[in-house]
Every structure is written in C-alpha cells, then in structure tokens.
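Here is the input, now give the coordinates:
(2 chains)
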Amino acid sequence: MSQWPSIADIVQSVEAGKVQATELVRQALKTIEDKQEYQAIIAVIKERAENRAADIDKRVAKGEKIGRLAGVPFIAKDNMLTFGSETTAASNILKGFEAPYQATAIEKLEAEGAICVAKANLDAFAHGASTENSDVMTTKNPHDTSRVPGGSSGGSAAAVVLDMAPFALGTDTGGSIRLPASFTGAVGYKPTYGLVSRSGVIAMASSTDVIGPLARTVEDAALVLDVMSGRDDLDGTTIERDTSPYTTLDVSVKGKTVGIIAEYMDEGVDPAIRKEIEAAVKQLQAAGANIVSVSLPSLPLALACYYIICPAEVSSNLSRYDGQHYGFSHADAKSLEESYNWSRSEGFGDEAKRRIMIGTYVLSSGYYDAYYKKAQTVRTKLVEEFTRAFKKVDFLAGPVAPMTAFEIGKNVDDPLQMYLVDIMTVAASLVGIPAVSVPVAKVQGLPVGLQLMAPQKHDRALLSLAAKIKETA
Amino acid sequence: MVSPETRKQYRITVGIECHVQLKTKTKLFSAVGNDAREAPANTLISHIDLGMPGALPVLNEAAVCLAIKAAFALKTEPQLFSKFDRKHYFYPDLPKGYQITQFDQPIILGGHVTIVVDGNQKDIAITRAHLEEDAGKSTHPSGKEYSLIDLNRAGTPLLEIVSEPQIHSAAEAKAYAKELYLLIRYADVSDANLYYGNMRFDVNVSVSKTDNLGTRTETKNLNSFRSVEKAVEHEANRQIELLEKGEVIVQETRGWDDAKQKTFSQRTKEEAHDYRYFPEPDIPPLDLDPSFIAKIKKDMPVMPGELRQQLSTLQLDNSAVETLVEELQAGRFMLTVLEKGDVHAAKKIAAWLTSDVQAMVVAQKITWDDAKLDGQSMLVLAAMVEDKKVSSTAAKQILEELVLRGGDPLKIAEDKKLLQVSDEGAVGKIVDAVIADNPQAVADVKAGEMKAIGYLVGQVMKHSRGQANPSLAQKLLKEKIG
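Predicted coordinates:
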C-alpha cells in the first residue's frame, strides 16, 4: 500500500489543518533521498518547495482556503520549465539552464496549492522509450532494477510508483507517458492534443506533444488534468476544456461499445500480455459495455509515419540550442561556425543527433515530397480511419506495448528495435486523441498496462471508462 | 560606359520585394512593444523573442488586420485560408534557428499597384504578400573579436510584398516604390518611415536582348526611392557592360553603397541555403471569417487614387496634386476641406499648402506632422481674402501663424493689425495727407505720368501700416487729384 492517501484526501487534510504541507514536502523529499538508487530524480527543488509549504501552512492557520491541490507535492519531468532548479531535459546542451519563466501547467498546479519538489529523469529531450538516452543516468524499474522503467517519462513514472510524490507530470509525444506507466504499473494519462498548454514545455514534436499526469489512480489523474487543462494565451494550439469537471467520472459505460484493435492483438504481442488485456476488457463487459473487434488497416504504417514527422519537427525544434544565447557553449570555439558545430556536436547526445539528421534529411528539398509530405498523407489517412472507427465504437482498447519492461542495455545498440517499442502508442499521438494506460496485472512480476482510447475531447468519458478497471493481483 | 544605342537593344526587367514593418503595438508573436526605434538594445524582448526553451509563438490579431488592409490597398481581397511555415537557417540574430513566415499559402495573392511614368499609366501586378517575423540586428564592430546582437527587432511583424517582374526601367522602379509607399501609408498599415527602415526594398534586376529573361541579381535593403532608382540604373548598366564584354552575369545577392552610388557583390548562389520549409505546428492555420474581412473593408481609409480623383476637381497642376498626395497630413486635410464643397476656397487652400506651407517645411520652420491644419480656420481665412478683409500678402502672414500655433484667423489679423481699412472716410483722410505731402508726385500724375500714382498708393499703404485697401486708395487718389 502506498504511503500517500488519495489526492482528494490529502487536500482535505491540509485544508482542515490536520496535516501540514511542510510535513508532506518533508515526506516526499525523504522518500526521494531514500530511493536515490532508482535514479528517478535529476534535481530536487528543496528551498522553494519548503518555502511554498511553509507559506501554505501559514495561510491555512489564518483560515484561508488554499485550493484544489493544497499542499500536494508533485514531481515534474525535467523537460518542463520550473523555478527553483535547473531545467535541462536531461541533455548536456542545457546544462546549467535556469528557467526565466514556468510552464503554464506548473503555474496552474501551483495556483491551486500543489508544490513541485523535484524534476524527474527522462530520455534527453524526451527522445526514447527507456530513459537510457538521458545524458544524466538511466532510471531503474521499481519492480526490477535490472530493467528500464520505459520512457521517455520513465523518471516520472518510477517516482510515482516509488511513492516519492502522489503524482508526477510527464509528456507524451509518441507514447512517453503511456509506455512508462505500463512498464511501472502507474496510471498514465495522455489528454487530447491541445487540452493542456505546451507553454514552457521543451518541445519535442510540437504537433503531438501533450502534457499529462502519472498517478496511482484514475481519480488522482483526473483531478490533476482538471486543474491543468484549458485554453492558454501562451499556446495558440490549446482548445476549450469540457464544461463539466474531469473529476466527475460519471459517463456511463453501460451500452457503450469498446473495440479491441485487431492489429494490436496479433502474434507480435507477448501471449501472456494478450491474455491479461482480454481479461481486463472483460471487466468492462461486466460493467455493461459491448466488446467488439475493430480493424484499422493503416495502423502498421503509423510507426514509419511517426518516425518521419517526429524527427522533422525535432530537427527544427532543436535548432535553437546553438550555443549562442543560453545553455552549453563550447569555450574553445574561435569562430561562429566552430561555436555552432562544436557546441551542438558535444552538447547533443547520439539520439538527438540521429533525429536531427533524419529530420533534416526528410525536410530537404528533393526529399520533402517523398518523406515528409507522404508521412502527412498517411497521418491524414490514420485520422480518417480513427474517425470512421469511432462511428462504430465509443472506445478503442489494446495493449500499450507488445512487451513488458525490458532489460537495461538490451536495445541501446539497436535504435530501430527501440523505436518498435512505440508501435502501439504512436497512432493516438498522430491522431491527437486521448489515451490512457491503466495497470491491469503483472506478468512474471512485471506490470502490464491496458491502453484505452477515445475520440478527441472525450477525455471525461475515457477517464470514466478507465476508472472501471481494477488491477488484478 | 554603355552608349545609348547599345542600351536601347536591351530590355531591363525588374521585380521588387518590399518588407513593410506593420504598425502593431506589439510584436507578431509576443506581447512585447514593437517600437524599437529609440529603445536601448535588448530591452524589447520576452522569452518568445529570445527563443527560450518551451516558448511558443501566438499570432497577433492586429497584424492580421493590417495585412487584410494591405490587401485592399493593393486592390485585392485577402485569402480566407493561409498558414505559417518555418524557414530554417542559423544566425545569431535568429534565436530559434528558424524564421516564421508564410511559404506556399500566403495571406495575399494577386493585386496591383498603379504607377504613372512620363504621363503613362501602368499597373504592376503583385505576385503575393506574406506575413513574417523580422530577425534581430547584428553589428560587427571593426577590429573587435566579437559581434553584437540586438533582439529588439526580432519578432517585429513584416509584410513582404512581392511584385511581378513587370517593371522595365529605373524610373518605373522608383514610381512603384513610391506608390507602394503611399498605399501602405494611406491604408495605415505601417508608419512607413523610410529613415527607420519601416520599408525596405530588394530589387531583382536582369537585362536581355531577347524575350527570355536574363540572369538576375538581387540588390537588397534599399531604403529610399532614390536608391531604388539608382540601384536599378547602376545594376542594369553594369550587367549590360558585362554582357557587351562577353562576360556572364552571376546570380547573386548584392548590396548598395550609397556613398559610391554602386552595387557590390555580397553572396553568390552557391552559398544559398536549403531552408527546409515545413508547416509551423505551433500556429494553427489562419481561417478568416468573411464578415471579419468585410468589417475591415468598410473601415478602409481613402486611398491615394481616390484622393487624386477628388483633387482633380480643383484643376491644380500635376506637381501640386502630387505634393498634396505625398504628404499624408496634407492629403487627408484636403479631403476634409473638399468635403465642405467650396471649390474656390479649396483651391486657394491647396495653393497655400503646396506653396506656403511646403516652403515652411523646406525652411524647416515646421514638419508636416506638426503642422496645425484646421479646415474651419483655413476656410475662414479664405473667406477673409475673398471679402477683401485682408490682403493676400497679409493672408500669408496669418496662415503662417495658423499653421505654427493655430488660432482664430480674424483675431490673428486684428492682433497683427492686418485687417484692411475699406472705410472711405478713414482712407480718404490718409489720401488727403499724402496729397498734401507729395506735391511733385501729384503734379506728375496730373501731367499724365501714371507711374506716380503707384508711388502715392505706396505712401498711403505706408501711412496706414499696410491696412488700407489699396484699390480703394487708388480710386480715391484718382478722384481727389482729378
């Protein structure tokens, strides 16, 4: 059992003066300290967190109302700009970078009384599925330290499962919240694209980047989403949120149709995982849902499509890290040309360089039509197929990944194998729909996540559905 | 030097790109002040202009409105759908490593600018105009091992207006630049201050003896109509000379040396970039509502073409019309005068503006922007001249006072004692005195020497301190001398 009660209970205790925010922050920081061996945390935000907690306690003592996340400690993935520590996205090129402003998501959480206590490890710039691409360290899976926690939000997922805080924030570009959630047994929620502001989040692929919670329960995830979501003047791609709170998980499942994605249940998937997914879906059937099988014929193209669009956007988004304005700058460079070349050559890790090169290639004149434009055509086709599927079913279901957490080092020399880990998560990212990983069982001691998806903006319905799933021992 | 005969064998072809700085309060993608003219370096910047990690551009609606106005000024409609793209290159004054611009679906496609050269009217077609952000400013102090970057200008909204290559002489190039300037200024799209670089012209020049276009060069960053004209002139001559010598033209970017009045090579095409354009994922495409566009169209100010038409009712000479049109203050003021419907008075006022006020501006007594132009008081002044309450010489003194400081023309006339005395009794007394004091001149008049009457009128004016009505004085002198 977790040492943390539900977020709603924590908030109630803090507002009632029964528990002090200072005590909660101390508890979080102590757990982080005690569990350093997992290498989930890049930086601790001690002073600022303690000051914020003390301030909240003072206000509670004065009888003030604090907010919907009063005194709740949380951990942010280190690609989100926060005060009180460096923000590096686990990349050497941002070593020493202190954010001059905070991400909107962080600001919204803080406005309701949440306290950011640490920054979680990730694959540098969120490029990866294991945290092994972090320039700092590799996070270990809480269930087996010889294995990866999944990525790129591996530090955030591990931190939640290790009880370092009641919740953590991750970002999901092609599966980076859902995969580590599945590998570690956390609930990982990827909202509809645009529901949470990307302002202050270090961009990976701008057209699929979303911010979402990693938590212990769907209810906790829903509360965090409810606080973070909505239009933001600092992000032109944000959308209007639902008028009902996302915490009202009362969208009925009775009579709804859940389609199991046939392409995600073939022989490429570990049979033990398939069995657990089928068992979990039965729980939905028991709750009154109809279960059918659905085919989305273009799904096998999704991964190839993603690994063109994503590096294209990455190559552009990483242009700003040039050693001229902030972050790492090569001290020995004698000319502008050298400064660019050396700062970027030494500042970026292998995976960032790989994506910059692929992205630069697919956007180059003469190759644009064959790669980038074609990938956009496939993306449009995927959107059409999902739209069509959602005319027949209310939700889609399948595994998050074809495997459980793999061993550290297993895929590091084979980038293609590493990309294949994303095979079941990239489609929802390309289509911009909400998707969630809920822990359903363990296979040989390692967690398995069920992936559920819904049409765009149906986040409340998806959360209601996910809340019906209970993990079997 | 190229002989005129040789020159005639070549056809010059010019296309002009113009970067217009839009007069928005804030930048194209950030809520930071847009007026970088006198601001200390790097004070008008935010995390967005600095290209900080996690910073996102958010489109400024005001810039879109100005682009829509520009579309109407160019006699076309804005595109309902347009989008933004990223153009990649590395330079320290471009902090993101890409410029946000509109590549294949710009906000304006088509339109034209009408020019008149040597009395011939001609339409120059517009290919396109697109919104984009400006870069910062780099300076490279000579002898120093560093460069300086000022990002105040980074993110300033620009509208790049691209003409078709339909310009065929230096004079046409100048006329195009000038007319485009007037359109932009009258549409209130830009302050269009050339000194501050609010409009910068790039001229693409080629020459050819056949119908096929020759290799072109692009001379960048011209900031006056004269430099546009001179650069085209110089570049055409340079190219013709090279071709006549049997050499080839290198496609390249050139600069303009204003002191030497010459273009010079800056960068050849070999060094040209692959900009790797792709759709900007941070800015949703622009989907304009027709009713939004219609509202802007309804509020469009009067354009220079219509102003010229209205001024034509005054039958002024061409240069007077252009003087009025070229100065926005004067042009707009004339519209208010014309509205009153008194053509005679309007004509007089137009003459005052184009000769007297213009002379004050030339003498640096005032600028057009500071001139106090008030229609009502000018009309009053015109009526005073008409009613012979003041002489036309006195009117000019009153006008100067009006333009410099404003006020009531009648009161100014009274204060300066410029009102004409047309009372026969009062003038008659002065005339009597003058006759008594100038027996010789009176004798001359009597002897038929009519020149002497001018002298006597002058004496009457002198005694009256200029206030006597001169024609009345003359009439009385004749009567009294008999």
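
Quick check: residues of chain B near chain A?
B:47, B:50-59, B:86, B:88, B:90, B:92, B:95-98, B:147, B:149, B:274, B:276-278, B:281-284 (Cβ under 8 Å from any Cβ of the partner chain). Backbone N, C-alpha and C define where each C-beta goes, glycine included.

low pLDDT regions in the chain?
All of this is about chain A. Along chain A, the model assigns pLDDT under 70 to residues A:1, A:473.

that's the wrong chain, I wanted chain B
Checking chain B against pLDDT under 70 turns up B:268-272.

Have a look at it and report its longest helix.
In chain B, assigned by DSSP state H, the helix with the most residues is helix B:225-244.

my guess is residue A:125 meets residue A:78, correct?
No - with contact defined as Cβ atoms under 8 Å, residue A:125 does not reach residue A:78; the gap is 10.3 Å.

Overlap in contacts, these two.
The contact sets of residue A:125 and residue A:78 overlap at A:89-90 (Cβ atoms under 8 Å, 6 or more residues apart in numbering or on different chains).

Run a quick neighbour tally on residue A:293.
By other Cβ atoms under 10 Å in any protein chain shown, the residues close to residue A:293 number 10.

likewise the one 5 residues further on?
The criterion is other Cβ under 10 Å. On that basis, residue A:298 has 17 neighbouring residues.

can you tell me which residues contact it?
Residue A:298 makes contact with A:378, A:381-382, A:385 under the criterion Cβ under 8 Å, 6+ apart.

cool, and residue A:17?
Applying Cβ under 8 Å, 6+ apart to residue A:17 gives the contacts A:60-61.

ok, now how distant is it from residue A:223?
Remark: distance between residue A:17 and residue A:223 (Cβ to Cβ, to the nearest Å) = 21 Å.

wait, residue B:171 sits on residue B:230?
No - counting by Cβ under 8 Å, residue B:171 stays clear of residue B:230, with 11.3 Å between them.

More neighbours: which of these two?
A direct count of neighbours by other Cβ under 10 Å for residue B:171 and residue B:230 places residue B:230 higher, at 20 against 15.

With adjacent residues omitted, what lies nearest to the more buried one?
In space, and not counting its chain neighbours, residue B:230 is closest to residue B:261: 5.6 Å by Cβ to Cβ, 6 or more residues apart in numbering or on different chains.

I'd say the one you found and residue B:235 touch.
No - look at residue B:261 against residue B:235 with Cβ under 8 Å: they stay out of range, at 11.4 Å.

neighbour count winner among the two?
Neighbour totals were compared for residue B:261 and residue B:235, and residue B:235 leads with 27 against 13 (other Cβ under 10 Å).

Provide a list of residues in contact with the residue in the stretch 51-200 of chain B positioned nearest to chain A.
Proximity to chain A, evaluated over the stretch 51-200 of chain B using Cβ to the nearest Cβ, is greatest for residue B:97 at 2.4 Å. For residue B:97, the contacting residues are A:316, A:319-320, A:322, B:51, B:88-90, by Cβ under 8 Å, 6+ apart.

The residues you listed in helices, which ones?
Per DSSP H, the contacts of residue B:97 map to helices at residue A:316.

Buried ones only from the contacts of residue B:97, please, as a ChimeraX command.
Selecting only the buried entries of the contacts of residue B:97 in ChimeraX, with 16 or more other Cβ atoms under 10 Å in any protein chain shown as the criterion:
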select /A:316,319,320,322 /B:51,88
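
Could I get the full set of strands for the stretch 101-250 of chain A?
Using DSSP state E, counting those that start in this stretch, the strands of the stretch 101-250 of chain A run over residues A:115-120, A:167-172, A:187-190, A:210-215.

mind listing what the residue lying closest to residue A:99 once chain neighbours are set aside touches?
Among residues not flanking residue A:99 along the chain, residue A:81 sits closest, at 3.7 Å (Cβ to Cβ, 6+ apart). Residues counted as contacts of residue A:81 (Cβ under 8 Å, 6+ apart) are A:87, A:99, A:101-103, A:106, A:200-202, B:53-54.

residue in chain A nearest to chain B?
As assessed by Cβ to the nearest Cβ, chain B sits closest to residue A:319 within chain A, at 2.4 Å.

if we can go back for a sec, columns distance to residue B:342 on top of the contacts of residue B:97, output as JSON lines?
Listed next are the contacts of residue B:97 as JSON lines, based on distance: Cβ to Cβ, whole Å:
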{"residue": "A:316", "distance to residue B:342": "62"}
{"residue": "A:319", "distance to residue B:342": "63"}
{"residue": "A:320", "distance to residue B:342": "62"}
{"residue": "A:322", "distance to residue B:342": "65"}
{"residue": "B:51", "distance to residue B:342": "58"}
{"residue": "B:88", "distance to residue B:342": "60"}
{"residue": "B:89", "distance to residue B:342": "59"}
{"residue": "B:90", "distance to residue B:342": "63"}
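
quick check, nearest of the contacts of residue B:97 to residue B:428?
The nearest member of the contacts of residue B:97 to residue B:428, counting by Cβ to Cβ, is residue B:51 at 84.6 Å.

Next, residue B:220: phi, psi?
phi -100, psi 160 (degrees, to the nearest 10).

Apologies, that question was intended for residue A:353.
Per degrees, to the nearest 10, the backbone of residue A:353 is at phi -60, psi -40.

Same check on residue B:159?
Backbone torsions of residue B:159, given as degrees, to the nearest 10, read phi -120, psi 120.

Next: residue B:4.
phi -60, psi -30.

neighbours around it, how many?
The number of residues packed near residue B:4 is 7, by other Cβ under 10 Å.

Against residue A:2, how distant is it?
Distance check for residue B:4 against residue A:2: by Cβ to Cβ, it reads 93 Å.

list the contacts for the most centrally placed residue in chain A?
Nearest to the geometric centre of chain A sits residue A:177, at 2.7 Å (Cα atoms, centre = their mean). Neighbouring residues of residue A:177 by Cβ under 8 Å, 6+ apart: A:153, A:156-157, A:170-171, A:188-190, A:210, A:212, A:214, A:437.

So what would you say the end-to-end distance of stretch B:311-321 is?
One end of stretch B:311-321 sits 7 Å from the other (Cα to Cα, to the nearest Å).
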